[in-house]
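A.B. asks: What would the 3D arrangement of this be:
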Amino acid sequence: MLYERWRVVARECAQETALRDLATGRSWTFAQLAAGTEPAGLSRARNHLACLNGTGPEFIFTLLCAWRRGQMVCPLETGATPPVLTQVPTPDICLLKTTSATTGAAKHVAFTNAQLAADADNIVATMGLRRDSPNLGVISLAHSYGFSNLVLPLLLHGIPLVLASSALPEALRQAAATGGNWTLPAVPALWRAWHEAGAIPANIRLAISAGAPLPLPLEQAVFERSGLKLHNFLGSTECGGIAYDASDTPRTDASFAGTAMRNVSLSCGKDGCLVVSGANVGDTYWPEPEARLGGGIFHTSDLVELRNDGVFLRGRASDLINVAGRKVAPESIEQALLTHHAVRECLVLGLPSKDAARGDEVAAVVATREEVTTEQLRQFLQTRLPDWQVPREWKLVKPLTGNARGKLSRAEWRQNWSTD
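C.D. replies: As a prediction, the model looks like this:
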């Protein structure tokens, strides 16, 4: 199904530029891209699984060859270990995505052709992706975000893709200087780096931020300096796009994730968590299924409030901090911390208390932009939060770095707290 859709796109856009690689200066039209993946005599592969590595043009060529051969595909970060196929998923499974492992061990999510196509259709329709506004690729093509926002729109909708030589500010300037209007999907850490370097180009038509929470101060600062609205995008490996903020001005509530993607239905489960329904939802976890994913439904662990068509995230059920029987979402403490002028980024988590009756202790990791003491931060929060929510444990760092997906793992910080 996906390969047939690609062939239709390739015929429709045959002489238009499909893919450019700014690192090498090479480019391919849709016709050339198709010709490069349809060599004479190419037969069905013996190996059922094709693992895709890297972020360059070879990722696209390898994917198309795998589609043509009828192989199942598994995108992998460089150095990642391929899954071992002790059992083969059902024949209609065409792709295995790997979860980000921010809340536990990484898992694989199995998708059919129809589910991947539905996610791409939803993203293109909701965000208004256009063929005259190429995607500028600075994020990994192997991530669920990059695969859904860069790779599938190229191959299933004819949205051109230009691969930047790197994500550094100067590389972004050089890429944008080649002309045209761009669509730029990125993560908050990149938007911050580009903003602080004054490198955000004026010819960005559509700016998208996903992969991690988008801080309000950053969103507002970019808008004030560049006049560019960062559109918050909520997605998940298990289902692709969930919600999108299509408004033209910065949000005023950091918990607002946007409204439901086109053709996606959202509800609140009995446990207070977001439930996603739609044709884009993955088939199952593989090789060990879980009840929360399947039958077109994904029951997330994100606590949510659905109000006036808006999606307001209230933290993750697994991240709630229990202080002497009172529970607080770390995000609410983070939002208060981010209003301090010296705080650049922060992460709040719960650590086991030495007093078992107390439950958890609130801890904070803070990346600062200027000199500040933990006592000053503590006093600042005491004017904004109840005393029991003010962190007792602190770490000041420069910078607070996430993983390759731009995510910060509370589980990793919790596990390594005593050794950092």
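A.B. asks: Looking at residue 206 now. What's its pLDDT?
C.D. replies: On pLDDT, residue 206 comes in at 98.
A.B. asks: Check what contacts the helix or strand harbouring it and list those residues.
C.D. replies: Following DSSP states H and E, one finds residue 206 within strand 204-209. Identification of contacts with strand 204-209 by CB atoms under 8 Å, 6 or more residues apart in numbering yields 127-129, 133, 149, 176, 181-188, 191, 219, 222, 228-233. Glycine gets a C-beta too; all of them are placed from N, C-alpha and C.
A.B. asks: Now that we have these, which of them are buried?
C.D. replies: With burial judged by 16 or more other CB atoms under 10 Å, the buried subset of those is 127, 129, 133, 149, 176, 182-188, 191, 219, 222, 228-233.
A.B. asks: picking that back up, name every strand pairing with the strand holding residue 206 and say which way it goes.
C.D. replies: Sheet pairing for strand 204-209, assigned by DSSP bridges, gives strand 182-186 (parallel), strand 230-236 (parallel).
A.B. asks: Determine which of these approaches residue 23 most closely.
C.D. replies: Distance to residue 23, taken as CB to CB, is lowest for strand 182-186 among the strands paired with strand 204-209, at 17.0 Å.
A.B. asks: so how far is that closest one off the chain centroid?
C.D. replies: Relative to its chain's centre, strand 182-186 lies at 13 Å (CA atoms, centre = their mean, to the nearest Å).
A.B. asks: next one: stretch 88-96
C.D. replies: 23 Å.
A.B. asks: Equivalent analysis for stretch 229-236, please.
C.D. replies: The answer for stretch 229-236 is 8 Å, by CA atoms, centre = their mean.
A.B. asks: contacting residues around it?
C.D. replies: Here stretch 229-236 makes contact (CB under 8 Å, 6+ apart) with 127, 144-145, 148, 185, 191, 206-210, 214, 218-219, 222-223, 241-251, 256-258, 276, 298, 300, 311, 313.
A.B. asks: Repeat the analysis, applying 6 Å as the threshold.
C.D. replies: Applying CB atoms under 6 Å, 6 or more residues apart in numbering, the contact partners of stretch 229-236 are 207-210, 214, 219, 222-223, 241-245, 248, 257-258.
A.B. asks: Minimum pLDDT in these, which residue is that?
C.D. replies: Lowest pLDDT among these: residue 214, 91.
A.B. asks: Roughly how far does that one sit from residue 413?
C.D. replies: 20 Å (CB to CB, to the nearest Å).
A.B. asks: So the two - more neighbours on which side?
C.D. replies: residue 214 (25 against 18; other CB atoms under 10 Å).
A.B. asks: Tell me if residue 51 really is in a strand.
C.D. replies: Yes - when DSSP: H, G, I helix; E, B strand; the rest coil is applied, residue 51 is found to be in a strand.
A.B. asks: Read off the pLDDT value for it.
C.D. replies: Reported pLDDT at residue 51 in the predicted model: 89.
A.B. asks: same thing with residue 89?
C.D. replies: For residue 89, the model assigns a pLDDT of 78.
A.B. asks: residue contacts, it?
C.D. replies: Contacts for residue 89 (CB under 6 Å, 6+ apart) come out as 110, 286.
A.B. asks: can you give me phi and psi for it?
C.D. replies: Phi and psi for residue 89, reported as degrees, to the nearest 10, are phi -60, psi 170.
A.B. asks: Assign the residue sitting nearest the centre point of the chain to helix, strand or coil.
C.D. replies: By CA atoms, centre = their mean, the mean C-alpha position of the chain lies nearest to residue 211, the distance being 2.8 Å. Classification of residue 211 by three-state DSSP places it in coil.
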